[in-house]
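Asker: what follows is a predicted structure for the sequence shown.
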Amino acid sequence: MTAFRPADDGSQPSTGAPIAAFFDLDKTIIAKSSSLAFSRPFFDQGLINRRSVLKSSYAQFMFLLSAADHDQVERMRKHVTEMCTGWDVEQVSSIVRETLHDIVHPLVFAEAADLIAGHKARGHDVVIVSASGAEIVEPIGEMLGADYSMASRMKVVDGKYAGVMDFYCYGEEKVVAMNDIAGSVGYDLSQCFAYSDSITDLPMLSAVGHPTVINPDRNLRREAGERGWPMLSFTKPVSLRDRLPSTPSPTVTASAAVGLSAVVAGALTYTILHRKRH
């Protein structure tokens, strides 16, 4: 079972059951595949060769042009798993944390940052649920001010990736992870929110009372239309640095990012709820 990690403050709403907003990561919060976005620093540190960089760039291009259906996600999983086999886990974690802000800051959708801020302003927990690896997802979650992150985990032997998954946070397994954290924290999923772009996350969206699709692929758009789910279009990747007066530390950065546009974002989440009820 995948682990989830609380934010530093661990705060919950003072009354009633806590409410969570579950967010997919790729093409929902950020405009690229989080796993493939780090190909360049991995190349610079000697973990992959030029051919792997080109292959990752092509995969990223196809990811952006087409819907991330089951077959495509499986191909990307296989590519990333094979590429990472034998890597030193500590080295990977160090590279991700050192390059995180340069790589991910410019990829965050402004609309997603506002939506996250709105949920935080209303006292909701924010939970990132992604098929990408925990070494990438958890630092991104911290940067965004998420309370918990749930991600895929690769088997580690003697400090190195063994080339097989211990837990693949994808499809129905995302719901397994959501039920696990709901049981631990006390969420009633019927009162929670979920956001994703892909038909592969239909189980995740169906598991909550307030699903919303973001930049949906063709199949998810059709499914959302039939079910009457709200649909949003995120189109403005912006650097979080541009939204902050300064970035003294990751913790302060995440907190400021959450608070910066809380009023506008609160109105956005209210609109989603209002639309759902009517």
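Answerer: That came through fine.
Asker: now the strands for the stretch 151-278 of the chain?
Answerer: With strands called from DSSP state E, counting those that start in this stretch, the stretch 151-278 of the chain shows them at 160-167, 193-196, 210-214, 231-232.
Asker: any chance of the backbone angles for the residue lying closest to residue 163 once chain neighbours are set aside?
Answerer: Setting aside the residues directly before and after it, residue 163 is nearest to residue 85 in space (Cβ to Cβ, 6 or more residues apart in numbering), at 3.6 Å. To be clear about C-beta, it is placed using only N, CA and C from the backbone, and glycine gets the same treatment. Backbone torsions for residue 85, taken as degrees, to the nearest 10, come to phi -60, psi 130.
Asker: re the thing from before, now the strands of the stretch 151-278 of the chain in CSV, with mean neighbour count, mean pLDDT and distance to residue 119?
Answerer: Below are the strands of the stretch 151-278 of the chain laid out as CSV (neighbours: other Cβ atoms under 10 Å; pLDDT from 0 to 100; distance: least, Cβ to Cβ, whole Å):
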stretch, mean neighbour count, mean pLDDT, distance to residue 119
strand 160-167, 16, 85, 25
strand 193-196, 27, 98, 7
strand 210-214, 24, 97, 11
strand 231-232, 16, 96, 14
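Asker: quick one: those as CSV, columns for distance to residue 182 too.
Answerer: Shown next, in CSV, are the strands of the stretch 151-278 of the chain (distance: least, Cβ to Cβ, whole Å):
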stretch, distance to residue 182
strand 160-167, 17
strand 193-196, 12
strand 210-214, 14
strand 231-232, 24
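Asker: the ones you listed: which one's closest to residue 98?
Answerer: Counting by Cβ to Cβ, residue 98 lies closest to strand 160-167 out of these; the figure is 18.8 Å.
Asker: unless I'm mixing things up, residue 212 is touching residue 194, no?
Answerer: Yes - using Cβ atoms under 8 Å, residue 212 makes contact with residue 194 at a distance of 7.3 Å.
Asker: pLDDT weak spots in the stretch 1-150 of the chain?
Answerer: 1-15, 32-77, 79-80 (pLDDT under 70).
Asker: nope, the stretch 151-278 of the chain is what I was after
Answerer: Applying pLDDT under 70 to the stretch 151-278 of the chain flags residues 238-278.
Asker: show me where it has helices.
Answerer: Listed in chain order, the helices of the stretch 151-278 of the chain (DSSP state H, counting those that start in this stretch) span 172-185, 202-206, 218-227, 250-260, 262-277.
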